[in-house]
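Q: What follows is a predicted protein model with its sequence.
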Amino acid sequence: MPQANADQPASSAQPLRILCIEDTPADVELVSRVLRRSGIEARMDVVQTPGELEERLESGVYDLVLADYKLPGWCGLDALTVLRARGKNLPFILVTGTLGEDIAVECLKKGVTDYVLKDRLARLPVSVRRALEEQKEQEARRRAEEEIARLAAIVESSRDAILSVNLDGIITTWNAGAARMYGYLAAEAVGRSLSLLTAGRALDEAWLRVDSIRHGEGIQSYETMHLGKGGKPIAVSITVSPLRDRKGEITGASLIVRDITVRKRLADELRHKNEELRKQYRQAQAASRAKDEFLANMSHELRSPLNGIVGFSELMHDGKLGPVSEEHKEYLADILSSARHLQRLINDVLDLSRVEAGRLQFEPEGVSLGELVHEVSDSLHAVAVQKGIQLQTEVDPEADRVVADLAKLRQVLYNYLSNALKFTPEEGHVWVRAKPEGPDAFRLEVEDTGIGIAPEDINRLFAEFQQLDSGTAKKYQGSGLGLALTKRIVEAQGGQVGVASRPGAGSVFYAVLPREARAAAAGSGAGRSARLARGRAETEHGANARRTGTNPGGGRQPSEPEANPRPAGG
């Protein structure tokens, strides 16, 4: 006989898998013929002994068991006991020659599904079909019960409160989560009104939700306040769903309630902090405006006395107010140097403030980079000579003519070069270069053989009031504004700054700017347009001579004392 090997029960398109316990081959053939004639296709495995039964149950899956009652050395009820011991809850039909009424009743009580006498086998197909249908119904009821039990377990283990009410607002179910949240045991809550959980407007809202469910509205979600045992307030989020009976009629509502007290408190704290931040931001803006206004108002007050100090010191130093001894002349030179340094610091602070406020004016004009490079180099020549530093300039003729704000460009180059000379040891080397950077930009760079910069300090270079050599005993003096102001000036004109450096191997500071200053960055109104036009004309006609080469130590004297390049103490 073929052996059943499928893992799933037989369907209407597949033969039944029947385990036949019978010791008479002729009876097996007769049973098979009766089933075929009634339209039931079946594959039967036949066993005769308890050992064969154990073996088949180990290896096969069956839909039905047909068993003779009387077998050599055992009986059909013994076979049923083996099946049930193995957890096989299969339909079990006795097919036997004779069976008294008392034995038949005993067999049915012990779990036999049905019995058919061998002289009445025409009834067998009916019994088989009925047994399979009953098996299906039992299986469906079992699965439904398992699903109900699973859902009940989920409801009971949920951390949320899950409860139900009827259409009168009376609580009908209450899970463990509800007991934890509200503090009421199920025996205290079931049968009570929703007024147990809320009061006032929140209670009115609860009745409205129940009423809307009664009138067919679907799932609703909202937030409100509930009351726990002892009147403890609980902020909750509620999802309300209609409950229906088997006929589809609404019988009540289910409520899934989540405690959001902590979330609400955190949201309130966050809202409060955001309001504080907005308040602080407004205060910071007001302070910034006050600072800008103060600096603008103090500009004249600060510069006027300094201009007087610088002017009278120059007159006395140059002997224009009468003869001055060499010793007094040296003192006057110190006074003049200190006054000019203070003047430059004040100008840097004011310029930085104007950049931050978007009020720094740019006046583009035609500029010869060759002349600018040599002018700035000449102005710092004395510093280079004093330290024995060789200062060289290189200007590419292709980058000589640009349209830019001359004073601001001079300030950028002066800051770079003065820093290079400051941080380069004696007998070192400094190069100043101007060259093209693509078709629409130019590049100013200053290279030195100075002390270099550690990689972790690079990001601090262009920050306001930041100095790598900080502290009261620092070796190199300065305000920490020079590079920050340089960066702001260059970026305000659509350019960018940068540095490449290694400790002990020197540095290269550079600024890349457009060959023609952007209109948006330059001044305003008709004056700006006129300056741009004049700058373009000067560029086109090449009004000034180009100058390149080295600057070993001679050349022009520094320009006007206020140092149109205004170096930073950086």
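A: Everything's here; your move. Here the structure is a predicted model, which means the values were calculated and not measured.
Q: quick one: buried residues of stretch 241-256?
A: Neighbour counts over stretch 241-256 (16 or more other CB atoms under 10 Å) mark 242-243, 252-256 as buried. All C-beta atoms are positioned from the backbone trio N, CA, C, and that covers glycine.
Q: Tell me which of those fall in helices.
A: Judged by DSSP state H, helices contain none of the buried residues of stretch 241-256.
Q: Pick out the most distant pair among those.
A: Maximum pairwise distance among the buried residues of stretch 241-256 (CB to CB): 14.0 Å, between 252 and 256.
Q: quick one: contacts of the longest strand seen in the chain?
A: Using DSSP state E, we find that the single longest strand of the chain is strand 233-244. Residues from elsewhere that reach strand 233-244, judged by CB atoms under 8 Å, 6 or more residues apart in numbering: 164, 181-182, 209-210, 213, 216-228, 250-261, 263-264.
Q: Among the residues you listed, which lie within strands?
A: Reading strands off these with DSSP E, I get 164, 220-227, 250-259.
Q: ok so, going back, and which of the buried residues of stretch 241-256 is nearest to residue 68?
A: residue 243 (52.6 Å).
Q: Not including adjacent chain positions, what is the nearest residue to the closest one?
A: residue 252 (4.4 Å; CB to CB, 6 or more residues apart in numbering).
Q: how far away is the one you found from residue 190?
A: From residue 252 across to residue 190, the span is 13 Å (CB to CB, to the nearest Å).
Q: what residues are shared contacts of these two?
A: Common contact partners of residue 252 and residue 190 (CB under 8 Å, 6+ apart): residue 172.
Q: pLDDT below threshold where in the chain?
A: 1-13, 148, 152-157, 295-300, 348-360, 463-481, 518-570 (pLDDT under 70).
Q: Walk me through the domains of this protein.
A: The chain breaks down into these structural domains: 16-150, 159-259, 266-337, 361-550 (assignment by automatic domain parsing).
Q: so which of those domains is the most packed in?
A: Burial of the domains of the chain is given as mean neighbour count (mean count of other CB atoms under 10 Å); domain 361-550 ranks first at a mean of 18.
Q: Longest helix in this protein, please.
A: helix 261-317.
Q: so what does that one touch, helix or strand wise?
A: strand 233-244, helix 326-357 (3 or more CB pairs under 8 Å, 6 or more residues apart in numbering; DSSP states H and E).
Q: Okay, now the sheet partners of whichever helix or strand comes after the longest one, with direction.
A: Beyond helix 326-357 in the direction of the C-terminus, DSSP states H and E gives the next helix or strand as strand 364-368. On the basis of DSSP bridges, the sheet neighbours of strand 364-368 come out as strand 401-405 (antiparallel).
Q: quick check: angle from the next helix or strand after the strand it pairs with to strand 364-368?
A: Next in sequence after strand 401-405, counting helices and strands by DSSP H and E, comes helix 406-423. Orientation check (axes from the mean of the first three to the mean of the last three CA atoms, to 10 degrees): helix 406-423 against strand 364-368 gives 50 degrees.
Q: What is helix 406-423 packed up against?
A: If you count contacts as 3+ CB pairs under 8 Å, 6+ apart, helix 406-423 packs onto strand 364-368, helix 369-379, helix 381-387, strand 429-436, strand 441-448, helix 482-492, strand 506-514.
Q: and the second one, what does it pack onto?
A: Counting contacts by 3+ CB pairs under 8 Å, 6+ apart, the secondary-structure elements packed against helix 369-379 are strand 390-395, helix 406-423, strand 429-436, strand 441-448.
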